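> With the input below, show me the fold.
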Amino acid sequence: MTQEILDAINENLFAVWFLIGAALVFWMQAGFAMVEAGFTRAKNTGNILMKNLMDFCIGTITFILIGFSFLLGEDILGFIGKPGLDVFTAYANFDWSNFVFNLVFCATTATIVSGAMAERTKFLSYCIYSAVISALIYPIEAHWIWGGGWLAQMGFHDFAGSCAIHMVGGTCALIGAKLLGPRIGKFGYDKDGKVCKVNAIPGHNITAGALGCFILWFGWYGFNGAACTSVSQLGSVFLTTTMAPGVATVVCMIFTWIKYGKPDVSMCLNASLAGLVAITAPCDVTDAFGSIIIGAVAGLLVCFGVWLLDYKLHVDDPVGAVAVHFMNGIWGTIAVGLFATDTAPGYSIADADGNVMKGLFYGGGFKLLGIQLLGVITVMAWAVVTITIAFLIIKAVVGLRVSEEEEITGLDITEHGLSSAYAGFSIMDVSDSTMSVNENTDLGVDDYDSASAAKKAAAVPVVSATVPSAATGIYKVVIIAKLSRYDKLRKALNDLGVTGMTVTQVMGCGVQKGSGEKYRGVEMDATLLPKVKMEVVVSKIPVEDVVDVAKRTLYTGHIGDGKIFVYDVAKVVKVRTGEEGFAALQDVE
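The predicted structure follows:
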């Protein structure tokens, strides 16, 4: 009797954990929204949030109508579940928990596509293809794997969805981004129309991207662990789900540090997700050693994927969805055939005859690996064919891409009438404002012997004006300089006797030589840089002294030291007292 009670408690406990896991997976929608919004530009934030909301809501409707029955309905020839509306006709005996659990996984597949096609996709088109993924593409291939279909009968193993969810979502993302074309300004083209340059378009809020990454990692414990049926299995899954992304992130950090000179923040965030994707399929059947290798490969694979899309395939993926989900979904599925070990708690991989299969590196031979490869190829083929047909029909009927004007303006205002997702904040999109060297630009010479005397005296001399003769004797001095020199300049001017100034943070735009920083492995055009603009009006203090102090304080001999502009001031009025001219500039009560 005691054992029966304990078994009942254990069964109910894991039934509750199953639903808690489903809730954690739902919470991952917030993570996807934050990552996608943070990695893209501010003018499209509202559109991205709306898409991440609607792919779940639209997916819920389509999953109710046909998706759930296609996935878990009575098997028909190992290909598809029998269509039905049991949720309406037999609600008393309906499998409510399984429905919710599979629904949140279905929504994840659809939202992966959003990131790769961000910032230039029509919202209507997004709603349509999101519905197609949730209603047909995902449920049918997931039936093959989890619904008793032909792959499941062979012994194919994908515990939580490296193949069924991430690879399929990544496949749809890759095809969608290719058909859609790159964002305006992502690639530079020569006169023959060939790509000759890759431009970085940095995300506007890496803080939000990092928050999204942590939310996703937290939710992944439910993603991978919800289907566990024992405490030992759950503990093992939690361990592998922690080790793989941790190793992937460290490997990515070291790689980008060596290759680009500095550890890349956004790439490391992607690497964490890549490690999670890669461990999703084998999380219940691998051990610590396998998790480390799987994570290490994922950390390198995500860097390779971003480079491959940018420089070879010329596919614009703003958030790295293809590198994270497609490539590491494939890797994670194959990794089952390499690292599956029967020492993992609750190990249950067996072929159609009930023979236990293990990974290649654990003495299992090539049988399981072959089944995993077959699953990757067939599921990918299904996704490629179905999503391509869907995209081409959508493109022909309603169009996939917004107009050039709408893309430049931003999808928040053009698609949703939302002036800004950051009302009350001043947001400036500076990513496309690049300037280039051409036959009309003069940047001087690199050879010292060929340089003029003035260019030898200073790398970039500050610009000053000959003091004009003005009747008022009042001058306005405008100084544009590096942010880092502001404090020194303020103190120097104050020591000179300047008691007030107007300070504005601005962006400096120009052509500069030298190597720029890299964002996700792409060199950024250092044409828009943060500057400080200081405006001082003087009369009693000689304007020559102000210019001289500013020049001495700002000079470093490097490009971008600053410029000084001197203007005549015809009249000054102090509002409080009504005083004019010289008297208006005296700071007295």
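> Please count neighbours and contacts with C-alpha atoms only from this point.
Will do.
> where along the stretch 401-550 of the chain do the helices fall?
Here the stretch 401-550 of the chain has its helices, by DSSP state H, counting those that start in this stretch, at 404-409, 411-416, 453-457, 486-496, 543-554.
> ok, of these, where does mean pLDDT dip lowest?
Here the lowest mean pLDDT among the helices of the stretch 401-550 of the chain goes to helix 453-457, at a mean of 51.
> thinking again about what came up before, okay, the helices of the stretch 401-550 of the chain in a markdown table with distance to Asn355 next?
Below are the helices of the stretch 401-550 of the chain laid out as a markdown table (distance: least, Cα to Cα, whole Å):
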| stretch | distance to Asn355 |
| --- | --- |
| helix 404-409 | 56 |
| helix 411-416 | 55 |
| helix 453-457 | 80 |
| helix 486-496 | 73 |
| helix 543-554 | 76 |
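> With respect to burial, which of these scores highest?
helix 411-416 (a mean of 20; mean count of other Cα atoms under 10 Å).
> What is it packed up against?
Contacting helix 411-416 under the criterion 3 or more Cα pairs under 8 Å, 6 or more residues apart in numbering; DSSP states H and E are the following elements: helix 45-62.
> what's the next secondary structure element after the helix it packs on?
Per DSSP states H and E, helix 45-62 leads on to helix 68-72 as the next helix or strand towards the C-terminus.
> what comes into contact with that next one?
Residues from elsewhere that reach helix 68-72 (Cα atoms under 8 Å, 6 or more residues apart in numbering): 80-85, 99, 102-103, 136, 139-143, 146-147.
> Pro202 is nearest to which of the helices of the stretch 401-550 of the chain?
Pro202 lies closest to helix 404-409 among the helices of the stretch 401-550 of the chain, at 15.4 Å (Cα to Cα).
> I'd like to know which of the contacts of helix 68-72 are part of helices.
If you go by DSSP state H, the contacts of helix 68-72 have Phe99, Asn102, Leu103, Pro139, Ile140, Glu141, Ala142, His143, Trp146 in helices.
> Show me where the chain has its strands.
Taking DSSP state E as the test, the strands found in the chain are 75-76, 80-81, 187-189, 195-198, 475-482, 502-509, 518-519, 522-523, 528-538, 562-568.
> The fifth one pairs with which strands, and in what direction?
In other words, strand 475-482. If you go by DSSP bridges, strand 475-482 pairs up with strand 528-538 (antiparallel), strand 562-568 (antiparallel).
> Pull the distance from the first one to the chain's centre.
With Cα atoms, centre = their mean, to the nearest Å as the basis, strand 528-538 stands 33 Å off its chain's centre.
> circling back: can you flag the weakest of the strands paired with strand 475-482 by average pLDDT?
Lowest mean pLDDT within the strands paired with strand 475-482: strand 528-538, at a mean of 82.
> tell me which residues of that strand are tucked away?
Neighbour-count burial for strand 528-538 flags Leu528, Lys531, Val532, Lys533, Met534, Glu535, Val536, Val537, Val538 (criterion: 16 or more other Cα atoms under 10 Å).
> Same check on stretch 222-242?
Applying a neighbour-count criterion of 16+ other Cα under 10 Å, the buried positions in stretch 222-242 are 222-229, 233-234, 236-242.
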